[in-house]
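Peer 1: Have a look at this fold, sequence not included:
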């Protein structure tokens, strides 16, 4: 199985199991001689999104590809927070944004020509 497919599935599994959002994506690699390397990336805001977890984990992994043969790869999240707090923070931020029309051009004047 290609690495990206396996890692993507890992990201989806992590996100599905999360009841809380994580602020830090963690990559853990174990080499054939059982040495462990751990890398972290702190995100701007907590997430439970599989795509975001996967892409950040993949970026961490790309920096670590040096020809070392690894026997274990793990992607996870840490620095957990309650998902309800995240939703409340998003709503608070969104309340400060200007309102958008519900449909593109909803505020535009009608320019149709009758009978055309």
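Peer 2: Good, I have the coordinates. Values in this document were obtained by computation on a predicted structure and should not be read as measured data. Numbering: from 1, shown residues only.
Peer 1: Please count neighbours and contacts with C-alpha atoms only from this point.
Peer 2: Noted.
Peer 1: With residue 82 as the reference, measure out to residue 31.
Peer 2: As for residue 31, its distance to residue 82 is 34 Å (criterion: CA to CA, to the nearest Å).
Peer 1: Span of stretch 41-61 from start to end?
Peer 2: 11 Å.
Peer 1: Wait, a helix at residue 51?
Peer 2: Yes - counting by DSSP: H, G, I helix; E, B strand; the rest coil, residue 51 falls inside a helix.
Peer 1: So what's the residue count around residue 76?
Peer 2: The local packing of residue 76 (other CA atoms under 10 Å) involves 19 other residues.
Peer 1: quick one: the strands in this protein?
Peer 2: Remark: strands assigned in the chain by DSSP state E are 20-31, 36-47, 70-82.
Peer 1: Take these and lay them out in a markdown table including distance to residue 58 and mean pLDDT.
Peer 2: Shown next, in a markdown table, are those (distance: least, CA to CA, whole Å; pLDDT from 0 to 100):
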| stretch | distance to residue 58 | mean pLDDT |
| --- | --- | --- |
| strand 20-31 | 9 | 91 |
| strand 36-47 | 11 | 93 |
| strand 70-82 | 9 | 88 |
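Peer 1: So for residue 63, which of the ones you listed sits nearest?
Peer 2: strand 36-47 (9.8 Å; CA to CA).
Peer 1: Name the surrounding residues that touch stretch 23-36.
Peer 2: 37-47, 53, 56-57, 60-61, 68-81 (CA atoms under 8 Å, 6 or more residues apart in numbering).
Peer 1: and if we set it to 6 Å?
Peer 2: 37-43, 45-46, 69-79 (CA atoms under 6 Å, 6 or more residues apart in numbering).
Peer 1: With stretch 67-75 instead?
Peer 2: 26-32.
Peer 1: For residue 54, give its distance to residue 74.
Peer 2: The value you get for residue 54 to residue 74, if CA to CA is used, is 11 Å.
Peer 1: Please apply the same query to residue 39.
Peer 2: To residue 74, residue 39 is 10 Å away according to CA to CA.
Peer 1: Could you report the pLDDT at residue 11?
Peer 2: Note on residue 11: pLDDT of 53.
Peer 1: and residue 24, how many neighbours?
Peer 2: Residues near residue 24, counting by other CA under 10 Å: 21.
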